[in-house]
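# give me a model of this one.
(4 chains, ligands or ions: 4)
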Amino acid sequence: MPRFAAGAVERPDIAVPAQQTHPLAYQLIRVLDDEGAAVGAWDPKLSPETLRRGLRAMMLTRAYDDRMFRQQRQGKISFYMKCTGEEAIGVGQAFALAPDDMLFATYRQQGLLIARDWPILDMMCECYSNSHDRLKGRQLPVLYSARAASFFSLAGNLGIQYPQAVGWAMASAIKGDHRIAASWIGEGSTAEPDFHHALTFASVYRAPVILNVVNNQWAISSHQEIAGGEAATFAARAIGFGLASLRVDGNDFLAVYGATQWAAERARANHGATLIEMFTYRAAPHSTSDDPTRYRPENEGRNWPYGDPIERLSRHLIRLGEWSPERHKQLEAELVDYVREVGREAESYGTMQTGPHFSVRTMFEDVFKEMPWHLRRQRQELGV
Amino acid sequence: MPRFAAGAVERPDIAVPAQQTHPLAYQLIRVLDDEGAAVGAWDPKLSPETLRRGLRAMMLTRAYDDRMFRQQRQGKISFYMKCTGEEAIGVGQAFALAPDDMLFATYRQQGLLIARDWPILDMMCECYSNSHDRLKGRQLPVLYSARAASFFSLAGNLGIQYPQAVGWAMASAIKGDHRIAASWIGEGSTAEPDFHHALTFASVYRAPVILNVVNNQWAISSHQEIAGGEAATFAARAIGFGLASLRVDGNDFLAVYGATQWAAERARANHGATLIEMFTYRAAPHSTSDDPTRYRPENEGRNWPYGDPIERLSRHLIRLGEWSPERHKQLEAELVDYVREVGREAESYGTMQTGPHFSVRTMFEDVFKEMPWHLRRQRQELGV
Amino acid sequence: MPGMSMVQALNSAIDVMLGRDPDVVIFGEDVGYYGGVFRVTEGLQKKHGDHRVFDAPIAEGGMLGTAVGMGAYGLRPIVEIQFADYIYPATDQLISAAARLRYRSGGEFWAPITVRAPCGGGIFGGQTHSQSVEAIFTHVCGLKTVIPSNPYDAKGLLISAIEDDDPVVFFEPKRLYNGPFDGHPDRPSVPWTQHPQSEVPDGYYTVPLGQAAVARPGDAVTVLAYGTMVHVALAAAEEAEIDAEIIDLRTLLPLDIDTVVDSVKKTGRCVIAHEATRTCGYGAELAALVQEHCFYHLEAPIVRVTGWDTPYPHIFEWEYFPGPQRVADGMRRAIEG
Amino acid sequence: MPGMSMVQALNSAIDVMLGRDPDVVIFGEDVGYYGGVFRVTEGLQKKHGDHRVFDAPIAEGGMLGTAVGMGAYGLRPIVEIQFADYIYPATDQLISAAARLRYRSGGEFWAPITVRAPCGGGIFGGQTHSQSVEAIFTHVCGLKTVIPSNPYDAKGLLISAIEDDDPVVFFEPKRLYNGPFDGHPDRPSVPWTQHPQSEVPDGYYTVPLGQAAVARPGDAVTVLAYGTMVHVALAAAEEAEIDAEIIDLRTLLPLDIDTVVDSVKKTGRCVIAHEATRTCGYGAELAALVQEHCFYHLEAPIVRVTGWDTPYPHIFEWEYFPGPQRVADGMRRAIEG
Ligand SMILES: Cc1ncc(C[n+]2csc(CCOP(=O)(O)OP(=O)(O)O)c2C)c(N)n1
Ligand SMILES: Cc1ncc(C[n+]2csc(CCOP(=O)(O)OP(=O)(O)O)c2C)c(N)n1
Ligand SMILES: [Mg+2]
Ligand SMILES: [Mg+2]
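Ligands and ions are numbered 1, 2, ... in the order given. The predicted model follows:
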């Protein structure tokens, strides 16, 4: 049962002192109600066209995830992580930000790239570590980097992107640039020091940055209480640093968009950083290495009171008369086909097991800008 | 001008949910008013005898500091750090805690040891690194260790003691022990990750610990705003972790005692940890290596609105008819003599420059419990 | 004496110690209810209670920080770092606190902590699930560093580490968790049960820290190895038909210098093999020590066969890994001079 | 060309770079208004503004984390760590982020960061103001490590480091800040002005990374040193009247291997001197490399003269420090074999 009603939370002016947002850390910004209507002050009032684009990006993200997850099961990639149930976050936030705002994400915001129309072909090639992988086979699947999409290189190390986003934003401010930064962290990873550093530096330097905590309830097998989520909300972490705080229904595309837009305008107008807790649910296993039946109640996902973000947005569009169950089905099928087709092209450039890959010589490149003597000799030693 | 009046802050029950203490993070618990009267609910109602003992310990701390500071100027020790103006914190808190509660302090709570009647002779020998230095000449002056006083070994590394206190408290809870832990950190050092770790673990494991932030306004040359102190109080850092929070006039012996007693009872009764911001002022330079005239306004200290902790407690006792300016003067003189006398004894065991010190052989001991071969050979190589 | 995998042997060591010593606790990410991502703590929370075996917030530094405090109280905490690659946030507490505590307090306080972490590559884990970071810790005075190569040693060494009153960093080659691995990824994997060193007593026993083992006696060349590389070196010797003496160091610090020196004095030749990056790796220290102690016995330069000085690349795992071929080449170079 | 101390030379390097390149910024604890506890940034905030030169919260990891982000933006941040002993909280961002960024992003992003930190003992700073931690970083692929020994090099190397597109860890021997120090604490201290290497141009110039200097040519034995130990080795050679060739490495990574190898091939003997603890110190790598490259030219074991494997003890500073006497003994051992 939803504990928080849609439309109930007031929307302060973007220039409000941070302190006045602190009560919002204990509420939940929701726009889409149970009937699929958009209600309240946080409704960003998007055009049906934008809504359909958002829906499509979320559905493409899910179709992409589904295929890649299966590719791992078939041994074609070594590893995969889905964001099922969390698509509104990556997609909704990318839509609300400017295309050149810089994104410091985790492995669970592939929706950001897809919403920015980054080719899934490129993403697939990274997962296959094949001959078209721009990362030259160096990274685990899903650890994308896409400078041209203003998407910072993903790290396997939890949390380390968070203060980096703040540093990027500080640099933007130093240079008088209009661009802002945004970063994401899982609720489990808020325990890492980088979370603390990001909040401290964002507060002290009034950095134009949006700091998102994606609270999907689980960190592998650890419930969010192990990160201190029962004692206080994650949004409340902002209070001690005097940062603005919002807590948002992360399965509500419109709420996600509205809150992000607010925080982006606030940052761009130099009123400082906002911490947003995106309250959501990890519907999928943690990764392909994980078996959630070992640690979480079987029905928890099904009983999740905030629903599925794709269904909810679809229902809203249908209610507006801008969409239909048939069109939904059809789009779903189209996207499955599309992903399959792109997948075939990607596979034609190689898979993990079969190759072709980048040349082994490249293993020694990019450690430094110029290769020092000891790496040259090691390359010779390997005979490549 | 004091912004917060004495006696104005209400005192919740020790079993209150942490959330209900959060408004206190923005107030200031004060007991002694400008006339030296003890007012309000936080007055611990101590006996005149206890108050006089407290006063004496604070005055001894100051006399000790003064002598040791001068010893450094005379080249007899390499370094020194005073806690002038902050004596009420170490002394008042030690008085409010049980003698076997474990203390994880910084270099600025020598008052804890003095209040626990730890011999200043022992402390001096540490500063001289002489033949009676139980730390065998290994540590910088002021980095004491006194297991027998339940005082944990001081580190030069800012912040690292903070999660250690939480771990000690977790262990105490695991063992069903009645003892609690307390730790201190400077406001500047709250930016370190250990602060975040301590709050997170204290919250998640409901550790019986008191976490104090000593906000003396300065971290060497950096004003507390560089640690994020302008955007929010340091006490407010507790809010995001659902920990109890108090903000206390750290120059008010009674307020310090009362707040610490509250937090100790709360922890001992298993209601969880409390973060206490001790609001005070570093009246002295950071250390003997520092020259504060280079970075802070000349009159700042003189104009400090919360007064001097020793003067304030003395005035209170005088007002109670339990003390007099003459007795104060006399005690002051006695303590100076006492410190001088102990100082002479300490010097008779050696000073930094003249020795005697511990044997050089001991340099290779205690790296491990048992000395491995490579250290034995290195000792031989040195020929000792 | 059932055949145990390395995971089972480690689990058994912790189980035995939780049972024997009420001061032993273990915690880490996913360690409690779930039993660890590599299942090393499976069943232990149920058996010993959630006050002894528990989940930690994702904060490696916080784990070490609290462990130091627990150690000061009198517990013997075991901390699991989910991957050695994620130990860096814990370095300050490990180096500045745990390793220095006994010294700086004049022996008043100490940190009887065991830090366990899976290390090494071979599972397509990419650069953040494959690192071998031992040399950072062997450089730190006050820390002991252990890396076992088989179930029997793993259990006996882990019990010694837990009982040790100094902080011990205990790296577990994850590629050996479920079977010995000789460096041939193309061959079918072998379970531990077929290996003699999977004969592990159920109860308490120790393998002392600071003692190496001769994994294979030989006369032609000494190979100094640890962890996975012991098996790789054995395969290399066999395949290249070289009569190598292969020493499994087991403890890197304190090193069993006598076993090393005796062997090199006998063979006059030395190969050092590790998975970690070469420059300033533990092999550098071994090379320095060997030439210091055996200079006049050495007949050829000491050869290092190691991981390259690059991150562990996802797809070129086997080009990065110093496999039997490279070790055999190293032996030949050491023999031919 | 006035005589500059090392502090002044470093200040000048930063000043010149702040003036030349609008993307250069510098921050750290007490770095802004105050000008740094060692005064290296004195006057720079006033001159270049508090957007370019600023104080940081006491969070070494936060500084590195934000610096990586600034670098990704396009700035060239310089981070001052107040003492090298306090660099550990920054290791994760330095190793996992800065050092790996170019590699893991396929060259899309990089971290053109310079991390400055005073290192070494000699000022009675005790174990947390005296450490030499270079070997932790020379083990990390993707980092460059620099340690200057005099004002001229300090300025030229620091400018090179700032201009370098890879992350550089730049350690400054604090005992050399205000004068050369030959390891005789009992003798009166000498200011830099009396030393030829204090002749420092006011403007821009570079000393390239990766090139060693021969501090003293000689034939009897090669001494590999850096930072303070260069001066100690010079004193040792003079006092013991040994015709040593003393090489000032200047950059530890990438190492100038040719200069090292040429010298050892010439002398046939080698001493390695550093202040850091011995085991797995940078000297281990030097010893390994020298024996790899010069085995057939070596006439005696390579000798390491280093700090002991203990924390830097407050009162036994000079028993810990590898002074001229110990270096001279090392040379004799290397010569006598
Ligand atoms: C520094 C570090 N420690 C541990 C890990 C191992 N690890 C990978 S994902 C994960 C759980 C993260 O949970 P959360 O932050 O909630 O993000 P989510 O997976 O739910 O999106 C852990 C512990 C890691 N990658 N990095
Ligand atoms: C990890 C670490 N970083 C930096 C320092 C250097 N340092 C010593 S004291 C100090 C200022 C501390 O200020 P604060 O925490 O406010 O404590 P106070 O001195 O005011 O009591 C600094 C930066 C250190 N000792 N440890
Ligand atoms: Mg999560
Ligand atoms: Mg302070």
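# contacting residues around the residue in the stretch 1-150 of chain A positioned nearest to chain B?
Nearest residue of the stretch 1-150 of chain A to chain B: A:Ala18, at 7.2 Å (CB to the nearest CB). Glycine gets a C-beta too; all of them are placed from N, C-alpha and C. Shown in contact with A:Ala18 (CB atoms under 8 Å, 6 or more residues apart in numbering or on different chains): A:Ala238, A:Gly242, A:Leu243, A:Ala244, A:Ser245, A:Gly272, B:Ala231.
# now do A:Pro17
Contacts of A:Pro17 (CB under 8 Å, 6+ apart): none.
# any idea how far B:Ala232 is from it?
11 Å (CB to CB, to the nearest Å).
# check C:Gly268 too.
For C:Gly268, the distance to B:Ala232 - CB to CB - is 68 Å.
# and the two? Which one has more around it.
Under the criterion of other CB atoms under 10 Å in any protein chain shown, the comparison of C:Gly268 against B:Ala232 puts B:Ala232 first, with 22 against 19.
# the closest residue to the more buried one other than its chain neighbours: how many residues sit nearby?
Among residues not flanking B:Ala232 along the chain, A:Gly242 sits closest, at 3.8 Å (CB to CB, 6 or more residues apart in numbering or on different chains). Using other CB under 10 Å, A:Gly242 has 24 neighbouring residues.
# now A:Ala198, nearest residue through space, not along the chain?
Using CB to CB, 6+ apart, the closest residue to A:Ala198 is A:Tyr162 (4.0 Å).
# repeat that for A:Ile174.
D:His51 is the one closest to A:Ile174 (CB to CB, 6+ apart), at 5.0 Å.
# what's the helix or strand for that neighbour?
For D:His51, there is no host helix or strand (DSSP states H and E).
# wait, doesn't it sit right on A:Gly176?
No: taking contacts as CB atoms under 8 Å, D:His51 lies outside contact range of A:Gly176: 9.5 Å.
# between those two, tell me which one has more neighbours.
Neighbours per residue (other CB under 10 Å) separate D:His51 from A:Gly176, with D:His51 holding more: 13 against 7.
# ok, that one to A:His328 distance?
D:His51 is 51 Å from A:His328, by CB to CB.
# could you do C:Val190 as well?
51 Å.
# neighbour count: those two, which is higher?
A:His328 (18 against 14).
# number of residues surrounding the closest residue to C:Pro191 other than its chain neighbours?
Closest residue to C:Pro191 apart from its sequence neighbours, by CB to CB, 6+ apart: C:Gly179 at 4.8 Å. Neighbours of C:Gly179 under the rule other CB under 10 Å: 19.
# what residues are up against C:Gly179?
So C:Gly179 contacts C:Ser5, C:Ser189, C:Val190, C:Pro191, C:Trp192, C:His195 (CB under 8 Å, 6+ apart).
# repeat that with 6 Å
C:Ser189, C:Val190, C:Pro191, C:Trp192 (CB atoms under 6 Å, 6 or more residues apart in numbering or on different chains).
# give me the neighbour count for the third one.
In this case it means C:Pro191. Around C:Pro191 there are 12 residues (other CB under 10 Å).
# same deal with the first one?
Each residue near C:Ser189 was counted by other CB under 10 Å, and the total is 11.
# spatially nearest residue to it, not counting backbone neighbours?
C:Gly179 (5.2 Å).
# any idea which element that neighbour lies in?
Counting by DSSP H and E, C:Gly179 is found in no helix or strand.
# same deal with A:Val248?
Here A:Val248 is assigned to strand A:244-249, by DSSP H and E.
# ok, residues contacting the strand or helix carrying A:Glu334?
Element membership for A:Glu334, per DSSP H and E: helix A:325-348. Helix A:325-348 has contacts (CB under 6 Å, 6+ apart) with A:Met59, A:Leu60, A:Ala63, A:Tyr64, A:Arg67, A:Ile120, A:Leu121, A:Met124, A:Cys125, A:Ser314.
# buried subset of those?
A:Met59, A:Leu60, A:Ala63, A:Tyr64, A:Arg67, A:Ile120, A:Met124, A:Cys125, A:Ser314 (16 or more other CB atoms under 10 Å in any protein chain shown).
# what's the closest of those to ligand 2?
A:Cys125 (43.1 Å; CB to the nearest ligand atom).
# report the central residue of chain A.
A:Gln109 (2.3 Å; CA atoms, centre = their mean).
# so who does that residue touch?
A:Gly90, A:Trp184.
# where does A:Asn299 land on pLDDT?
Listed pLDDT for A:Asn299 reads 88.
# so how far is ligand 4 from it?
Plainly put, A:Asn299 is 52 Å away from ligand 4 if you go by CB to the ion, to the nearest Å.
# make sure that residue is indeed in a strand.
No: read with DSSP: H, G, I helix; E, B strand; the rest coil, A:Asn299 is coil and lies in no strand.
# quick one: low-confidence parts of chain A?
Chain A contains residues with pLDDT under 70 at A:1-2.
# and it, which of its residues are near chain D?
A:134-136, A:138-139, A:145, A:147, A:153, A:157, A:160, A:163-168, A:171, A:174, A:193-194, A:197, A:200-201, A:204, A:366-369, A:372 (CB under 6 Å from any CB of the partner chain).
# now the buried members of these.
A:134-136, A:138-139, A:145, A:147, A:153, A:157, A:160, A:163-168, A:171, A:174, A:193-194, A:197, A:200-201, A:204, A:366-368, A:372.
# just checking, which of these belong to helices?
A:163-168, A:171, A:174, A:193-194, A:197, A:200-201, A:204 (DSSP state H).
# out of these, the closest to chain B would be?
A:Pro193 (3.0 Å).
# circling back: make TSV out of the ones in helices among the buried ones among the residues of chain A next to chain D and add distance to ligand 1.
Converted to TSV, those look like this (distance: CB to the nearest ligand atom, whole Å):
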residue	distance to ligand 1
A:Pro163	14
A:Gln164	14
A:Ala165	16
A:Val166	18
A:Gly167	19
A:Trp168	20
A:Ala171	25
A:Ile174	29
A:Pro193	10
A:Asp194	9
A:His197	14
A:Thr200	19
A:Phe201	19
A:Val204	24
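# which pair in those spans the largest distance?
A:Ile174 and A:Pro193 (24.0 Å; CB to CB).
# and the residue of chain C closest to ligand 1?
For chain C, CB to the nearest ligand atom, closest residue to ligand 1: C:Tyr86, 3.8 Å.
# and what of the stretch 101-250 of chain A?
A:Gly186 (2.1 Å).
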